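A.B. asks: Provide a 3D model corresponding to the input given below.
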Amino acid sequence: MFSTAVKPKPFVKWAGGKRQIAHILIENMPTHYNKYIEPFIGGGALFFELLPEKAIINDINKELINAYIVIKNSPEELIKSLKKHKNEKEYYYKIRALDPEKLNPIERASRFIFLNKTCFNGLYRENSKGQFNVPFGRYKKPKILDEENIKAVSNFLNSIELQIFNTDYREVIKLAKRGDLVYLDPPYHPSSQTANFTKYTKYDFSEKDQIELAENFKQLDKKGCYVILTNSDTPLIRELYRNYNITPIITNRAINSKAHRRKNTATELVIKNY
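C.D. replies: Here you go, the predicted structure:
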């Protein structure tokens, strides 16, 4: 059992993150399960709230997963690298222009976290070539380095039975076994309220992908896994999961540089097979 004076939390801001509804998701989870599996880990809000003893985490975003691995294996080296960064516009674009493929894992993770903390509203977005293209955020005092949390996250990741992958979610769910808990938080199906939350990398998640995901949900159900999924409240999603337990919840869903424009809400669905 993991225990520390400092509870780990997401080390990056992430569009569509689940911090505000993590408690709702936990209330909807089974009391007992074997391994926790999250194929679309993102910022890991639920993962860090739940603190499972056995887990598999994955994301298609190479920069994100590299950061998880570096924090797990080399927290002190990462902290040292993060201390070098400056919250300056010219410097920001210089770092953004670097090719992450040419950096070592530590410098690559450092670049990723720095850009996340100083870019426009913490928004991760790539162009069609997979290049990070978010403008400078103009924050006065962004917390580029949260040394305490990096150490807490590293301690946690090293204290549990953990596998980390950077692959397609379909490969990861193949590892799920009867009694495992699988949490699916895919790119959301577009609606008038959540349309901005469906594509942030060069990899699109189309309607066809949503249909295939629903089929995979059914296969996990047949395998005897506990499966819980979050998605936008659209007719397609309700139809795809009509045979399962669907609970609508109200959340804040907006990304805007102006705080007063972030107040609009959206209905999301929590779907489970138990």
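
A.B. asks: contacting residues for the closest residue in space to P105 that isn't next to it in sequence?
C.D. replies: Nearest-residue entry for P105: V70, 5.3 Å, with adjacent residues in sequence omitted and distances by CB to CB, 6 or more residues apart in numbering. C-betas here are computed from N, CA, C, even on glycine. Each residue near V70 by CB atoms under 8 Å, 6 or more residues apart in numbering is listed here: 77-78, 105-106, 108-109.

A.B. asks: what do you get if the cut-off is 6 Å, keeping everything else the same?
C.D. replies: When contacts are counted by CB atoms under 6 Å, 6 or more residues apart in numbering, V70 touches 78, 105-106, 109.

A.B. asks: any idea which helix or strand comes after the host helix or strand of it?
C.D. replies: Here V70 sits within helix 62-73, counting by DSSP states H and E. Later in the chain than helix 62-73, the nearest helix or strand by DSSP H and E is helix 75-82.

A.B. asks: residues in contact with that next one?
C.D. replies: 70, 106, 109-110, 144-145, 147, 150-151, 154.

A.B. asks: pull out the buried residues from these.
C.D. replies: In these, burial by neighbour count holds for 70, 106, 109-110, 144-145, 150-151, 154, counting by 16 or more other CB atoms under 10 Å.

A.B. asks: I'd like the contacts of helix 75-82 as a markdown table, with distance to S206 and secondary structure appended.
C.D. replies: What follows is the contacts of helix 75-82, written out as a markdown table (distance: CB to CB, whole Å; DSSP: H, G, I helix; E, B strand; the rest coil):
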| residue | distance to S206 | secondary structure |
| --- | --- | --- |
| V70 | 32 | helix |
| I106 | 35 | helix |
| A109 | 30 | helix |
| S110 | 33 | helix |
| I144 | 35 | coil |
| L145 | 38 | coil |
| E147 | 40 | helix |
| I150 | 36 | helix |
| K151 | 40 | helix |
| S154 | 36 | helix |
